[in-house]
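Engineer: Build me a model from this:
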Amino acid sequence: MPSPLAESPRLIAVDDRYRVDLAVLTAVRALNLAGSRKLTFGQIYTRLIRSQARVPTITECVVAVDLLVKEGLLVSERVLDEDPAFPYTQHIISGLTEISAALLI
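Structural biologist: Next up, the predicted model:
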């Protein structure tokens, strides 16, 4: 009898709609392991590039960060001023909320 794990390409199936959200939350947790830091979107995206086999687009990630802040899963210290060269909302992220930290356990 074949192993059920051999049939599945991933041990935990993550709906693709939430793949980017989970990757962003995991990146923020990893970047804050040594203590709380203020993170820019660039730091978070660089972490995703280094840790993900399938890297989401910049647009997908910046929208995900903004939504995770609005949903109360990321703590935003402040929002950066608009930049015509980068027309997306950018947050300075200080970490995960208790709820999002519990989701990653």
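
Engineer: Now do the contacts for Leu67.
Structural biologist: Asp21 (CB atoms under 8 Å, 6 or more residues apart in numbering). In short, each C-beta sits where N, CA and C put it, glycine included.

Engineer: Look up which helix or strand it falls in, please.
Structural biologist: Taking DSSP states H and E as the definition, one finds Leu67 inside helix 58-70.

Engineer: Mean confidence (pLDDT) on stretch 50-67, please.
Structural biologist: Mean pLDDT, stretch 50-67: 92.

Engineer: Can I get it in CSV, CA atoms only?
Structural biologist: This file holds the C-alpha atoms of stretch 50-67, laid out as CSV (Å, rounded to 0.1, in the frame of the first residue of the first chain):
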residue,chain,number,x,y,z
ARG,A,50,15.8,33.8,-0.5
SER,A,51,13.3,31.4,1.1
GLN,A,52,10.6,30.6,-1.5
ALA,A,53,10.9,28.3,-4.4
ARG,A,54,8.1,30.1,-6.1
VAL,A,55,8.5,33.8,-5.5
PRO,A,56,5.3,35.9,-5.6
THR,A,57,5.4,39.2,-7.6
ILE,A,58,6.2,42.4,-5.8
THR,A,59,2.5,43.5,-6.3
GLU,A,60,1.2,40.4,-4.8
CYS,A,61,3.4,40.8,-1.8
VAL,A,62,2.9,44.5,-1.1
VAL,A,63,-0.9,44.0,-1.4
ALA,A,64,-0.7,41.0,1.0
VAL,A,65,1.3,43.1,3.5
ASP,A,66,-1.3,45.9,3.4
LEU,A,67,-4.2,43.4,3.8
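
Engineer: Beyond the helix holding Leu67, next helix or strand please.
Structural biologist: As assigned by DSSP H and E, the chain's next helix or strand after helix 58-70 is strand 74-79.

Engineer: For the chain, which segments count as helices?
Structural biologist: 4-7, 16-31, 41-51, 58-70, 98-103 (DSSP state H).
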